[in-house]
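Colleague: sequence and computational prediction follow.
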Amino acid sequence: MNKLHKNTQNDPIQDNTDCATGVSTSKTKRRANPAPDCEGIGNVSYMRRVGNPNNHSNQSLDDVIDLIRSHKYKPVTQSLRDLREKSEKAYKKQKAIHCEAVSFNGTFKLGQPVKNGTFEKSSGLLIVDLDHLEDVHLAKSDLITKPNIVFCFISPSGDGLKLGVRVDASLINNDADFKQAYFQIESLFKTWGYETDPACKDISRKCFLCHDADVFYNPDADIYKLNPFQEIAPKAPPISKEYTPNSNEGDCLESCINTILNAKPGERHAARLNAGNALGHYVASGKLDVKNEDDYINALITASDQIAGNDDDRTREKENKAIKGGYQYGLLHHSEPEAWEYNSDLTLLKNIESIPLPAPDKAVYSIIAKAVQAHPIISYKDTITALEDRMGCKLSGRYKARLKKLLRKQDKATRKYHTVTTDSLPEFDINSDDAASRMLSEWYNAIFVDMRPMGSGKTLFTALLWAYLQMNNKAFGYVAPRVSIIADIANRLDIEHYNEVSPGELFQSLAACVNSAVGREHLLSFFRQVDCIVLDEFKQIVEHIVRGPFNNRSEGYDLLIDIIKTVPVVYVADADMNDRMIEILKSTGKPMFKIKGSERKPTATIKHTTPKIAKSEFLNRVKAGKTGLFQCDSLSTANIAYEDAKATAPADYKILLVHGKNKDEFEQAAYLKSPNEVGKQYDLIILTPVVSSGFSIELEYDFHVGVFSGQLSPTEIIQTLGRNRKAKDIILGLSPKRKQKPLSVTEQIAGIVLAEKRMKSTDGQLIHEPNEFDKVAAGIMEEYERSCERFAHTTLLILEQKGYKVEALEEPESLIIIKGTAKAVKAKHVQDVIQADSISDREHSNLKKSSKVTESDHNAIEKFECREQLALGEEVSEKDILLWNGGTLEPVLKRFEIVNESPDNTQLLDEYENATRIAPKDRTYATSQMIIFYSVMSLLQGKGIQPPCSLKKGTDKLSITNNNVYLSPSPENTGISLQRYDAERIKAAIDYLQANYQEVHAAGLGNFKAVNRKLDTRTLGQFLKRFGLKHKRVGKNLAGNYQITEDSLIQMQDINKRRKAKKISAFNRAWGWHNQKEQTKMAA
């Protein structure tokens, strides 16, 4: 049983232990701490400053633990953690200056540096670092229950742990022994679910000390039994190999010379030693001829004279002695370089620093490949410069050839997915006044593809086409991917908006999305009869059909192709066309032309960084009163930026916020219509993606900042940034990658096929026959996932390919961070909704259909929907609005109702949604939800469930064959229990969700394909949250017991009861549909 060490008075650290007896000679009573050859834990090495490792002393572990527990380090620990929130770079620098350090693994020769080679005695401890933990306190409470843990405290960063593992000190006699022990402990931690910091494999590992009042200390921890170490044969004495001609001889000598020539003042003595040492290694390895050693040394002395700049013979003799001494050391201590492997746990720069010298080919080629892979997040030029500095010379010809080959390959891959590379289309020149009339009168039955960059006049040419058609009494159609684009173009070009035309009404023009036309015969009929149609942002139209909220994706794709085939003149306007989009257009069989016209090339420099730094730079410029543009991809980010800017800006600084909910307000609508005239009235414009094609900002702002978290694709981000035509420098804050691994393309296609009931069961096999849409969808989704997998990286690569200059923004010394804004913005929104007008059901319906809705209208809509869906009275409270959370609770209410209904009713709901062709994104998949939910409930209550039945898919051209579609048997309906469950049952539940991840994902219950298994409790909480339930830890903390909270269950039951009373449950429409069907049968 572990014992917590009793707190003792904080005395100054002194070495008061008698190594012979292991008894403390200090007057303060404390536990005996024996030397390593005794049974107890031995001394450790203490340093006041890690920068001066020569000045260290041997101390007892008791004294060190007392210091950590005391208040000595509390001020500096808190200061460092506060600093880290503002700047990681400044935090690391100050930590090295202000923190004391300890090498817990043992003692080292006094007066010499704490290095692997100066190790003396093991303390019986092996230090382990765990970094970047999701829940540091949960991890700590888990690990201190392990019998071999001597101590555990939270690291200076605040999100990591430092632990001491008890080992047999008699087995650790040098760094080689320690490494073998470390790798066994590393494997032990992996079995516990933790990844250790590989830097701990060195016996001289130093740890910064910090304050942790709750430091865990158990000096009686069990010794972990290590497996026998492998015998390591002693190295043969170094001898100089016979010289063999080597093509790299010049490179070897040049690297040594450059080590001296490139040395900075203050580093030159070390450079001479290092150059001599490297020369000795080259000679001993046979890469340089030992017969020519005098010539080699003289070459280094000549280089040394070039940088010396003095005629003092004594100084010169000392410099030459350093070179010769280094040479002799390298000659005598040469051994073949250890096998080098790239360590993915270390940064690129740290890997370069770990390359042994002389640098092996494998290491150089590996770093070159990683440099190209990391570019442009980390410029490949910076990486190659660091590599050359390490090698001491420039890359040789063969290395340069490899670098160029990889860069060409990367550029080709980027072009393939984001530009047209197979450009063999005949050209149609529009550089004439009659271009629109010639296109419409002379070139009927053709497709015209305009791939010119943004700002080149595609929207202007669209207006010319409409003007000609209008004058000649011909019909015109316009299709775009987003409703906001449709609304803006309809207003700008004075054409009919799809929501404002009725069946039987006559009109000459129409703007609509493809999904708006599906199912509306009067819109479809018009599009098939127009003389010319514009497909704006064609790539996004196709992506929207494949991935967006479409009722029937196959039908939508077929409709798009049918329109292209039917309409005489098709004008495709998209600066982001690629080869796949060209192939789709070619599949229609119509003649195709490429538009030739004036083009606008980008001139801005993109300076990329993190969102946190980008926001700080934005506020710095606002604070200075500079004019600017701020763009982002979410409403919440825009609102927070607006409030922070108001709090930071000088007096009389005018800000305009434009987003999807206020775009129809007077000021915002005026700006969207005339951004260059209205924009002059404001110092700062904050924009979300509500602008349309043709929206062009020609004003010269002092700054332009964009912050994007992955809600927009890289293509959409580039289009958003490109609206500012006069930008010179754009600071771009990008989140590095997705937080969760998405489903594969195969899995997503399988989901679409299943949702549309196009997979048939034949003789125990699920057979899928792909249609044309499936083949297109697979390619589009592959492109999209490839873009989003490395979101920031891909965005910057495309920007480079488009002609933008891309470089990293230098990290500032300090950041502006305003806390509490998000909470204040949310509170304000809640009050706005509460105070909004109460509207009727009819008014709500009219507003939902309207193409122009003000921000107050949006608040009224939210208030109405909150009141209706929660089945409340006339008024709503703050608690109701927060619970409703902008409509995110609606699917939660449906799920809770489903799992509290009978299996017959859930099956009826599935039949109704299938028969009425509800969109896949809006379907409940009620039967699947019920099966999954009660399978989890059964596992949490300790009851077993039957293994799932699986039907393997038949082979098809999309290769949907690698995974099984699980048909889970219905478990016992256990009800929602408040019974407690432990970690083992939680693990079983997550195992089930992970095994059945495709069905779980299709049912809208989350992506459990690749969850962090260290956080099963949190993962289960996220699953329960989808049904409106919460769970909490109960009983003793270390027991790990949880249960569903009674409050959350009662709240959901009350809402469910009110909804049933008002007949607004998820089943009402299904019941009505079923009754009508039965009445029709009876009548027949």
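Modeller: That came in fine, so what should we check first?

Colleague: show me what contacts the closest residue to W1071 other than its chain neighbours?
Modeller: Spatial nearest neighbour of W1071, excluding adjacent residues (Cβ to Cβ, 6 or more residues apart in numbering): L908 at 7.4 Å. C-beta: built from backbone N, CA, C; applies to glycine. L908 is in contact with 1067, 1070-1071, 1074, counting by Cβ atoms under 8 Å, 6 or more residues apart in numbering.

Colleague: and these, which are buried?
Modeller: Taking 16 or more other Cβ atoms under 10 Å as the criterion, what is buried in those is 1067, 1070, 1074.

Colleague: I'd like to know which of those residues is nearest to D579.
Modeller: A1070 (45.4 Å; Cβ to Cβ).

Colleague: do you know how far the residue nearest to W1071 is from T924?
Modeller: As judged by Cβ to Cβ, to the nearest Å, L908 and T924 stand 12 Å apart.

Colleague: before we move on, what about I1055?
Modeller: 17 Å.

Colleague: the two: who's more crowded?
Modeller: When neighbours are counted by other Cβ atoms under 10 Å, I1055 and T924 differ, and T924 comes out ahead with 24 against 21.

Colleague: and the pLDDT at the closest residue to the more buried one other than its chain neighbours?
Modeller: Distances taken as Cβ to Cβ, 6+ apart place K894 nearest to T924, at 5.7 Å, with adjacent residues excluded. Predicted confidence (pLDDT) for K894: 91.

Colleague: need phi/psi at K596.
Modeller: In this entry, K596 is assigned phi and psi values of phi -110, psi 130 (degrees, to the nearest 10).

Colleague: report the contact partners of it.
Modeller: Counting by Cβ under 8 Å, 6+ apart, K596 makes contact with 427-431.

Colleague: just checking, what packs against the longest helix belonging to the chain?
Modeller: In the chain, assigned by DSSP state H, the helix with the most residues is helix 397-418. With contacts defined as 3 or more Cβ pairs under 8 Å, 6 or more residues apart in numbering; DSSP states H and E, the packing partners of helix 397-418 are helix 361-374, helix 380-391, helix 772-789, helix 791-801.

Colleague: show me the shaky parts of the stretch 201-350 of the chain.
Modeller: Across the stretch 201-350 of the chain, residues meeting the criterion (pLDDT under 70) sit at 231-249, 309-315, 334-339.

Colleague: 50 instead, please
Modeller: Filtered on pLDDT under 50, the stretch 201-350 of the chain yields the residue ranges 233-246.

Colleague: helices along that one, start to end?
Modeller: 249-261, 268-285, 293-308, 313-332, 348-353 (DSSP state H, counting those that start in this stretch).

Colleague: quick one, the longest one and helix 293-308 angle?
Modeller: Meaning helix 313-332. 130 degrees (axes from the mean of the first three to the mean of the last three Cα atoms, to 10 degrees).

Colleague: how about the second one?
Modeller: Angle between the axes of helix 268-285 and helix 293-308 is 160 degrees (criterion: the same axes, to 10 degrees).

Colleague: try the first one
Modeller: Counting by the same axes, to 10 degrees, helix 249-261 lies at 30 degrees to helix 293-308.

Colleague: and this protein, what are its domains?
Modeller: 44-217, 248-333, 348-416, 427-596, 605-744+776-808, 821-882, 889-948+968-1075 (the TED database).

Colleague: now do the third one: distance to the chain's middle.
Modeller: For domain 348-416, the gap between its own C-alpha mean and the chain's C-alpha mean amounts to 24 Å (Cα atoms, centre = their mean, to the nearest Å).

Colleague: among the helices and strands packed on helix 397-418, show the one with the smallest mean pLDDT.
Modeller: Here the lowest mean pLDDT among the helices and strands packed on helix 397-418 goes to helix 772-789, at a mean of 61.

Colleague: for F153, what are its contacts?
Modeller: 68, 161-162, 210, 212, 215-216.

Colleague: just the pLDDT at it, thanks.
Modeller: Reading off the model, F153 has pLDDT 96.

Colleague: for it, phi and psi?
Modeller: Phi and psi for F153, reported as degrees, to the nearest 10, are phi -140, psi 160.

Colleague: any idea how far it lies from A221?
Modeller: F153 is 15 Å from A221, by Cβ to Cβ.

Colleague: for V1034, see how far away D129 is.
Modeller: Taken as Cβ to Cβ, the span from D129 to V1034 is 32 Å.

Colleague: tell me the gap between the helix or strand following the longest helix of the chain and the middle of its chain.
Modeller: Using DSSP states H and E, the helix or strand that follows helix 397-418 in sequence is strand 427-429. Put simply, strand 427-429 sits 42 Å off its chain's centre (Cα atoms, centre = their mean).

Colleague: what residues does strand 427-429 touch?
Modeller: Contacts for strand 427-429 (Cβ under 8 Å, 6+ apart): 435, 439, 443, 448, 593-597.

Colleague: okay, and which of those residues map to helices?
Modeller: Reading helices off those with DSSP H, I get 435, 439.

Colleague: just the contacts of strand 427-429: which has the poorest pLDDT?
Modeller: For these, the pLDDT minimum is W443, 69.

Colleague: what segments of the stretch 751-900 of the chain are strands?
Modeller: 759-762, 765-768, 805-808 (DSSP state E, counting those that start in this stretch).

Colleague: can you verify V534 is assigned to a strand?
Modeller: Yes - residue state for V534 (DSSP: H, G, I helix; E, B strand; the rest coil) corresponds to a strand.

Colleague: quick one, what contacts it?
Modeller: V534 neighbours (Cβ under 8 Å, 6+ apart): 462, 465, 476-479, 571, 573.

Colleague: what about the closest residue to T383 other than its chain neighbours, neighbour count?
Modeller: Nearest non-adjacent residue to T383, counting by Cβ to Cβ, 6+ apart: A371, 3.7 Å away. A371 has 24 neighbouring residues, counting by other Cβ under 10 Å.

Colleague: can you check H659 too?
Modeller: So H659, with other Cβ under 10 Å, has 21 neighbours.

Colleague: for Q184, same thing?
Modeller: Count around Q184 with other Cβ under 10 Å applied: 17.

Colleague: strands of the stretch 601-750 of the chain, residue ranges please.
Modeller: Using DSSP E, counting those that start in this stretch, the strands of the stretch 601-750 of the chain run over residues 605-609, 628-632, 655-658, 684-687, 703-708, 729-734.

Colleague: equivalent analysis for the stretch 401-550 of the chain, please.
Modeller: Using DSSP E, counting those that start in this stretch, the strands of the stretch 401-550 of the chain run over 427-429, 446-450, 476-479, 509-512, 532-536.

Colleague: the second one - contacts with which helices or strands?
Modeller: Spelled out, it's strand 446-450. Partner elements for strand 446-450 (3+ Cβ pairs under 8 Å, 6+ apart): strand 569-573, helix 579-586, strand 592-596.

Colleague: mind doing that once more with 10 Å?
Modeller: strand 427-429, helix 458-471, strand 532-536, strand 569-573, helix 579-586, strand 592-596 (3 or more Cβ pairs under 10 Å, 6 or more residues apart in numbering; DSSP states H and E).

Colleague: ok, which of those comes nearest K626?
Modeller: helix 458-471 (29.8 Å).

Colleague: tell me the angle of that closest one relative to strand 592-596?
Modeller: 120 degrees.

Colleague: give me the contact list for the helix or strand hosting R1069.
Modeller: R1069 belongs to helix 1068-1083 when elements are defined using DSSP H and E. Helix 1068-1083 is contacted from outside by 905-913, 915-916, 918, 924, 926, 1059-1060, 1062-1063, 1065, 1067, using Cβ atoms under 10 Å, 6 or more residues apart in numbering.

Colleague: mind listing what's buried in it?
Modeller: Within helix 1068-1083, the residues scored as buried using 16+ other Cβ under 10 Å are 1070, 1073-1074.

Colleague: can I get those residues in a markdown table including pLDDT?
Modeller: Formatted as a markdown table, the buried residues of helix 1068-1083 follow (pLDDT from 0 to 100):
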| residue | pLDDT |
| --- | --- |
| A1070 | 86 |
| W1073 | 87 |
| H1074 | 86 |
